[in-house]
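Trainee: This is a predicted model, with the sequence first.
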Amino acid sequence: MEGSSVWGGLNSGVVLSLIAVLWTMVWQNLQHLQLQQFFGRHLSRHARRLAAMVDPYLSVTIAEYEGGRMKRSDAYEEVKAYLSAACSRGVRHLRAEGAKDADKLVLSMVDGEEVADEFRGATVWWWAYSRPPPRSDAAAAWWGGGGGGAQEERRFYRLFFLERHRELVLDAYLPEVRRRGRAVMVQNRQRKLFTNISTHQWSDGGYMRSAWSHVVFEHPKTFDTLAMDPARKKEIMDDLDMFKNGRDYYARVGKAWKRGYLLYGPPGTGKSAMIAAMANYLDYDVYDIELTSVHSNTDLRKLFIETTSKSIIVIEDIDCSLDLTGARKKKKKAEDDKDGGKKDGAAAAKAAADEKKDTSSKVTLSGLLNFIDGLWSACGGERLIVFTTNHVEKLDPALIRRGRMDKHIEMSYCGFEAFKFLAKAYLDVDSHELFDAVGELLREVEMTPADVAENLTPKSVDDNADSCLAGLVKALQEAKEKKASGVNGQDEPDEEEQ
């Protein structure tokens, strides 16, 4: 009896052990099958069906930024433009912005407002709202920054419509909204001059603000008023026409739709005026980049991404903007070598703190080259990239080779054809007895168009063509005498040192 009870106890123990093992295996398999998620999905599906019976409305949300806030959403801007006309119908609180017509305003909804719209018998509703920026954002760490201005909210438009209108809204209404929005944007478009904000002001509590600020571009210079040889002027205009109409060509040859221009020549030869004339001729926006305010290559990339198509991206005096040749590092190394590499603890701590707080630009030549024609340069299209310099010989050949700076335009001293253009523009004369003297002197001395224009500008009501031309001849003769005496402006400080 005792033996059988012991044997029975052992059998029970074995059975319980087997049951425990089998249960463990079954439970692991159940977890592997993710039954919890399986039942959760079914419950959610039934919950959605029940919600559809109670609330038959669907929604589409359009955010102001896309791609992790790397790029402003075209769809958002198009919806905003489309709704600017609808807003005046039933919205009580509006936001007003300046329009192309100085007497008009462009209206948009403030947060929390709703407006109804009709399309082919279906009624839809647009609602504007925003969210406060999060306390932390992974993008903030990626893009850098470290400053902090006023926080910028996330803005959205949300479209509500009945479920039975799903295909009508998604397949017909929204594409129509985008088409009409683009038409309104063209109608209300004001050309703008942008400048980049210091990258240390991009971060505002973890959510980036725009890298650009702008004013309305109202520069009066055109090719009609640009002092340049007519043949060269026509050559540049023809090149711009080919670029503007070259979408199919660039797609066929497999190149990004962009073109680089290098404007070089002495100060006062009209490089900035040429950029303004190009912008007015093409009807493009202008993005003027101050490289010394760009902290890193990554920040430079972000600036490029936020530019729009139909724009000219300008870096003026690029030879003075940054040390792109590595001389800065060599200088620092030389200073370290001079100290003999000996630093006490306090000096080393101070050097580490200074390095941590360093806000100087770390843009490199490699980063600038990638900005011009790297992979990121193909984001968007129809952009001109323009560099200006007074000393083209100082630039790295890799920076200005064809394919990066495709067209090199020398802005030289004033010639006789440019002088005649300026005389007509400033004095309204086509010929004068002093023209021959001016032409002969211009062949002997170098004078910039800016200096010629200044001499032709009447300074009082008594000035006329005779007095202004006589003053120009006198200035040219003085320049000729200085040249003969070996001065010729040699004592003038270089622009980089001013």
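Mentor: Yes, it's here.

Trainee: hang on, isn't Tyr264 packed against Thr389?
Mentor: Yes - in this structure, Tyr264 is within contact of Thr389 by CB atoms under 8 Å, at 5.1 Å. Every residue, glycine included, has its C-beta placed from N, CA and C.

Trainee: Do I have it right that Lys192 meets Trp212?
Mentor: No - taking contacts as CB under 8 Å, Lys192 lies outside contact range of Trp212: 9.0 Å.

Trainee: Buried by neighbour count: which residues of stretch 71-83 qualify?
Mentor: 71-73, 75-83 (16 or more other CB atoms under 10 Å).

Trainee: And the residue nearest the centre of the chain, how close does it get to Ile197?
Mentor: Closest residue to the average C-alpha location of the chain: Thr307 at 2.6 Å, with CA atoms, centre = their mean. Distance, Thr307 to Ile197, using CB to CB, to the nearest Å: 14 Å.

Trainee: One more: Asp319?
Mentor: As judged by CB to CB, Asp319 and Ile197 stand 24 Å apart.

Trainee: Pro267 too?
Mentor: Counting by CB to CB, the gap from Pro267 to Ile197 is 27 Å.

Trainee: Comparing the two, which shows the higher neighbour count?
Mentor: Ranked by neighbour count (other CB atoms under 10 Å), Pro267 and Ile197 place Ile197 first, with 18 against 14.

Trainee: what's the neighbour count on the closest residue to Glu417 other than its chain neighbours?
Mentor: Computed as CB to CB, 6 or more residues apart in numbering, the closest residue to Glu417 that is not its neighbour in sequence is Asp229, at 4.7 Å. Neighbours of Asp229 under the rule other CB under 10 Å: 14.

Trainee: which residues touch Asp229?
Mentor: The neighbourhood of Asp229, defined by CB atoms under 8 Å, 6 or more residues apart in numbering, consists of 415, 417-418.

Trainee: picking that back up, please name the bridge partners of the closest residue to the residue nearest to the centre of the chain other than its chain neighbours.
Mentor: Of all residues not flanking Thr307 in the chain, Tyr287 sits nearest, at 5.2 Å (CB to CB, 6+ apart). Taking DSSP bridges as the rule, Tyr287 bridges to Phe194, Ile313.

Trainee: Could you measure from Tyr287 over to Gly90?
Mentor: 38 Å.

Trainee: Comparing the two, which residue is more hemmed in?
Mentor: Neighbour comparison, Tyr287 and Gly90: the larger count goes to Tyr287, with 24 against 11 (by other CB under 10 Å).

Trainee: surely the more buried one meets Ile315?
Mentor: No - if you go by CB under 8 Å, Tyr287 and Ile315 don't touch, sitting 9.6 Å apart.

Trainee: what about the residue nearest to Gly265 when sequence neighbours are not counted, distance to Ala183?
Mentor: Leaving aside its sequence neighbours, Gly265 sits nearest to Met411 (CB to CB, 6+ apart; 3.5 Å). In this structure, Met411 and Ala183 are 38 Å apart, going by CB to CB.

Trainee: With neighbour numbers in mind, choose between the two.
Mentor: Higher neighbour count among Met411 and Ala183: Met411, with 21 against 13, using other CB under 10 Å.

Trainee: Now that one: phi and psi?
Mentor: Main-chain dihedrals, Met411, degrees, to the nearest 10: phi -100, psi 100.

Trainee: what's the answer for Trp125, then?
Mentor: The phi/psi pair for Trp125 (degrees, to the nearest 10) reads phi -130, psi 130.

Trainee: Could you list the low-pLDDT ranges of the stretch 301-450 of the chain?
Mentor: Scanning the stretch 301-450 of the chain with the threshold set as pLDDT under 70 gives 322-360.

Trainee: And the helices in it, which stretches?
Mentor: With DSSP state H, counting those that start in this stretch as the criterion, the stretch 301-450 of the chain has helices at 318-321, 327-338, 345-356, 365-373, 397-400, 416-427, 435-444, 449-456.

Trainee: and the last one, which residues are buried?
Mentor: Neighbour counts using 16+ other CB under 10 Å place 449, 451-453, 455-456 of helix 449-456 among the buried residues.

Trainee: Following the chain onward from that helix, which element is next?
Mentor: helix 465-484 (DSSP states H and E).

Trainee: residues of that following helix that come out buried?
Mentor: Of all the residues in helix 465-484, those buried under the rule 16+ other CB under 10 Å are 465, 468-469, 471-473, 475-476, 479.

Trainee: neighbours of Ala423, just the number please.
Mentor: Per other CB under 10 Å, the neighbour tally for Ala423 reads 25.

Trainee: Over to Gly121?
Mentor: Neighbourhood size, Gly121 [other CB under 10 Å]: 7.
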